[in-house]
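K.L.:
model this:
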Amino acid sequence: MQDEYFPDVVGSDGMDFGKAVCIITGASKGFGRCLAKEIALLLKPGSVFVLVARSGDKLRDLQAELAATRAGKAGLITRCVVADLGVKDDVERVIQEIREAASDTDIDQLLLIHNAGSLGDISRYAKSFTDLHEVNAYLSFNVSSALSLTAGVLEVFSRRQGLRRCVVNVSSLCALKPFPSWVLYCTGKAARDMMFRVLAEEEPNIRVLSYAPGPLDTDMQVEARTSSADAGLKKSFSVMHSQGGLLTCEESCSKLLKVLLKDEYPSGTHLDFYDL
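P.N.:
Purely as a prediction, here's the structure:
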């Protein structure tokens, strides 16, 4: 699988992430799961994966898949954390797991990928969101947790010579463009993009990237074309699906990993699949 997607990145030039601690949220399915499987092939022995998601069964299935790969057989350590990132105690538990994973690991790179996210209720328009608790719960899971988790991880992996630190925010076109009936999702994605732009300004020694993976053929895309309140938006997603316009997770994952390995992007920038 790797050779198909990385013919010019892995192999002849030997590019990889070295011995690393890699943290992926939303790792149990879709884009996050694909990232875990591909990044595993780009890590040196002794590297550590911390995979975070709400579905324990799917995380354990992924852990078994990784153990059976050549990376797993070469000494990749995988830790699964079942957590709801909208809950304060769960975020703290993830950070504690990361702290334990890092305690006896001498690494070259930290790679933190914020992939966890939800659409929110896209069957309604902005004027219907009168319930403050509903809005706060959405923002807690999709925005606040990303900031708190990033801060906690950076405390664990403070700056030191020879340690590369990279934070990736899985973003969306919705961070830049308003989609009718997607007020929560657009707000969350825009907030996260700005959050990580600020981080890049404050911490020039940390590599920061917001990557919009494009329209992926995932469960979220099914929800988009069946539940969107806006008829035009629902139709456009349906046409995209019926005409083969959706991307596979593997296609998008390939582009992201090439960008990260080349490491030539301006820190804090927003890159879209179609920009590359």
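K.L.:
Now do the strands in the protein.
P.N.:
20-25, 48-53, 77-82, 109-114, 164-170, 207-212, 269-272 (DSSP state E).
K.L.:
Dump the ones you listed to JSON lines, plus distance to A40.
P.N.:
For the C-beta atoms, the positions are set from N, CA and C on the backbone; glycine is no exception. Shown next, in JSON lines, are those (distance: least, CB to CB, whole Å):
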{"stretch": "strand 20-25", "distance to A40": "8"}
{"stretch": "strand 48-53", "distance to A40": "7"}
{"stretch": "strand 77-82", "distance to A40": "8"}
{"stretch": "strand 109-114", "distance to A40": "12"}
{"stretch": "strand 164-170", "distance to A40": "16"}
{"stretch": "strand 207-212", "distance to A40": "19"}
{"stretch": "strand 269-272", "distance to A40": "23"}
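K.L.:
I'd like the ones you listed as TSV, with mean neighbour count and mean pLDDT appended.
P.N.:
Formatted as TSV, these follow (neighbours: other CB atoms under 10 Å; pLDDT from 0 to 100):
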stretch	mean neighbour count	mean pLDDT
strand 20-25	26	97
strand 48-53	25	96
strand 77-82	19	96
strand 109-114	24	98
strand 164-170	22	98
strand 207-212	24	98
strand 269-272	18	98
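K.L.:
Between these, which one is closest to L199.
P.N.:
Closest to L199 of the strands of the chain is strand 207-212 (CB to CB; 5.5 Å).
K.L.:
how many degrees apart are that closest one and strand 109-114 in direction?
P.N.:
In terms of direction (axes from the mean of the first three to the mean of the last three CA atoms, to 10 degrees), strand 207-212 departs from strand 109-114 by 30 degrees.
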